[in-house]
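Chemist: predicted model and sequence below, questions to follow.
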Amino acid sequence: MAKILIIDDEESILKMYSEALSKHEVSTAKNGEEGLKIAEESNPDLILLDIILPKVNGLDVLAQLKENQETATIPVLILTNLPEESSADKAKTLGADGYFVKAEYEPSKLAETIDNLIQRGE
């Protein structure tokens, strides 16, 4: 069982992905500031990160995670409604391990992808 942190400001997204990933230990954050704090405190095995967030946007969260020695090695998957053309290159430059557009992936399919990533990392 992996520790997964989901950072998204939409309650329905948090609930949907928490359920899809229920075989793991899932924690959630509703804004970038809270997400950074939880990531530093709990050292999750994987982070699902939205880009459009209150307080600190997702790309800034990603940059701060990768600059911090304690969180730099945590894999981060961007999960957003922004099309890939708009932010994928910047996210990957900042250190994102993947970029998923919410509308293009069912939660169960993304959960399967996450399970495969986690198994490879163990």
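Modeler: Thanks, I have the structure now.
Chemist: rest of the way, CA atoms for contacts and neighbours
Modeler: OK.
Chemist: beta partners of the most centrally placed residue in the chain?
Modeler: In the chain, the C-alpha nearest the mean C-alpha coordinate belongs to Leu48, at 1.3 Å (CA atoms, centre = their mean). In this entry, Leu48 is beta-bridged to Ile6, Leu77, by DSSP bridges.
Chemist: which ones are touching it?
Modeler: For Leu48, the contacting residues are Ile4, Leu5, Ile6, Ile7, Val76, Leu77, Ile78, Leu79, by CA atoms under 8 Å, 6 or more residues apart in numbering.
Chemist: Lys55: which of those is nearest?
Modeler: Ile7 (12.1 Å; CA to CA).
Chemist: pretty sure Lys3 contacts His24?
Modeler: Yes: Lys3 is within contact range of His24, at 6.2 Å (criterion: CA atoms under 8 Å).
Chemist: thinking again about what came up before, dump the contacts of Leu48 to CSV, plus neighbour count and pLDDT.
Modeler: Formatted as CSV, the contacts of Leu48 follow (neighbours: other CA atoms under 10 Å; pLDDT from 0 to 100):
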residue, neighbour count, pLDDT
Ile4, 23, 97
Leu5, 25, 98
Ile6, 27, 98
Ile7, 30, 98
Val76, 24, 96
Leu77, 22, 95
Ile78, 26, 96
Leu79, 24, 94
